[in-house]
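Trainee: the following block contains a protein sequence and its predicted model.
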Amino acid sequence: MNKCIFLAGASGAIGRRLAPLLVADGWRVVGTTRSTDKAPLLRAMGVDPVVVDVFDAAALRSIVADVRPEVVIHQLTDLPYALDASQMSDALVRNARLRDEGTRNLVAASVHAGARRLIAQSIGFIYAEGRTPHREEDPLLPETHPTYGGTVTGVLSLERQVLEAPLEGVVLRYGLFYGPGTGFDAPIGPGSVHVDAAAKAAQLAITGARPGVYNVAERDGSVDVEKATRDLGWDAGFRIA
C-alpha cells in the first residue's frame with residue numbers, strides 16, 4: 001500500500017477545493033474526471049488525472065487496482081451549475097443512479113484494490129420532519145416522497161454500500177453547497193455549508209473519523225454537527241486562504 005488517495009470527482013466543486021489540501025499533506029492524489037478537457041486542470045492542482053466513467057465498472061476496477069490507494073474519496077455528483085431549476089428534474093435522476101450504481105462500482109473497485117478507508121459524499125437536507133436540529137440517527141424522508149423519493153433511495157443505497165463494505169466506511173452528510181464553483185456566494189437555505197469547509201471535513205475524515213455518518217453543515221438549528229465538531233475537529237468557518 002502506498003500513500004495515495006483515489007479522488008473520484010476531482011474536478012467537481014468539492015474536489016477542486018479538496019485536492020490541494022491533500023497534496024499539501026503529502027498525499028499522491030489520483031483524481032478522476034469524465035472529460036479529457038479537465039485533465040490539465042487536475043495536473044495544475046498537483047493531481048494525477050485519470051479519465052474514466054464510474055459506470056464503466058471494468059475500467060474503474062482496473063484503474064483503482066493499478067493505483068492501489070490507501071484511501072478512496074467519493075465526491076461524485078452530476079448537478080447543473082447553480083442548481084439550474086430547468087435542469088434539476090433530470091439531474092435528480094442522474095444523481096440517484098450515480099449514488100446507487102456508481103457507488104456500487106467504486107466500492108467494488110476499492111475493496112478489490114485493498115483500500116483501507118472509503119469516504120463518501122452524502123447529503124444532510126433530506127431528513128424527515130421532526131425535532132431539530134436533526135441528528136445522524138434521525139429518519140430521512142420516505143422513499144415515496146413525490147419529489148425527493150428517488151433521491152432518498154439513492155442516498156440510502158450509497159450510505160448502506162459504504163457502511164457495509166469490508167473497509168472503513170465514512171459518510172459525510174453535507175449541507176447545501178455555496179462558495180466557489182457552486183454558483184452561490186452565500187448560504188442558500190437552512191443547513192448550508194461552504195465548499196471549503198466541506199472539503200476540510202473530507203480531509204479530516206482521513207485520519208480523524210471513526211466509521212459512520214457525520215452531519216457537515218453550518219450551525220443554524222437545522223442539523224446537529226456536534227459529532228463532526230467533536231470527532232473530526234471540524235470548523236464550519238474554515239476557508240482556504
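Mentor: Alright, I've got the coordinates.
Trainee: which stretches of the protein form helices?
Mentor: 13-24, 39-44, 57-67, 88-97, 103-113, 149-164, 195-208, 226-227 (DSSP state H).
Trainee: of all these, which lies closest to I119?
Mentor: Each of the helices of the chain was scored for nearness to I119 using CB to CB, and the closest is helix 195-208 (4.9 Å). C-beta: built from backbone N, CA, C; applies to glycine.
Trainee: so what's the residue count around the closest residue to I206 other than its chain neighbours?
Mentor: Distances taken as CB to CB, 6 or more residues apart in numbering place V71 nearest to I206, at 5.6 Å, with adjacent residues excluded. V71 sits with 26 neighbouring residues when counted by other CB atoms under 10 Å.
Trainee: swap in G150?
Mentor: 17.
Trainee: wait, isn't it in contact with A96?
Mentor: Yes - because the distance of 4.5 Å satisfies CB atoms under 8 Å, G150 is recorded as touching A96.
Trainee: weakest of the helices of the chain by average pLDDT?
Mentor: Looking at these, the lowest mean pLDDT belongs to helix 88-97 (a mean of 92).
Trainee: what are the bridge partners for the residue nearest the centre of the chain, then?
Mentor: Centroid-nearest residue in the chain, with CA atoms, centre = their mean: Q121, separated by 2.2 Å. Under the criterion DSSP bridges, Q121 forms beta bridges with L172.
Trainee: how much space between it and V67?
Mentor: 20 Å (CB to CB, to the nearest Å).
Trainee: do the same with A228
Mentor: 28 Å.
Trainee: what do you get for I5?
Mentor: I5 sits 9 Å away from V67, taking CB to CB as the criterion.
Trainee: on that earlier part again, I'd guessed the residue nearest to the centre of the chain sits against F177; true?
Mentor: No - using CB under 8 Å, Q121 and F177 do not qualify as a contacting pair, with a distance of 10.1 Å.
Trainee: now for those two: what residues contact both?
Mentor: Overlap between the contact sets of Q121 and F177, as judged by CB atoms under 8 Å, 6 or more residues apart in numbering, is given by I14.
Trainee: who's in contact with A217?
Mentor: The contact partners of A217, by CB under 8 Å, 6+ apart, come to G124, F125, R173, Y174, G175, L176, G191, S192, V193, V223, V225, A236.
Trainee: dump the residue contacts of the residue nearest to I206.
Mentor: C4, I5, F6, W27, A115, R116, R117, L118, I119, I206.
Trainee: and for R116?
Mentor: Contact partners of R116, counting by CB under 8 Å, 6+ apart, are M1, E70, V71, L167, E168.
Trainee: rerun at 10 Å
Mentor: Applying CB atoms under 10 Å, 6 or more residues apart in numbering, one finds that R116 lies in contact with M1, P69, E70, V71, V72, S110, L167, E168, I206.
Trainee: please apply the same query to A165.
Mentor: Contact partners of A165, counting by CB under 10 Å, 6+ apart, are T103, L106, V107, A108, S110, V111, A115, L118, A120, P211.
Trainee: which of these lies closest to A82?
Mentor: Nearest to A82, judged by CB to CB, of the contacts of A165 is A120 at 24.0 Å.
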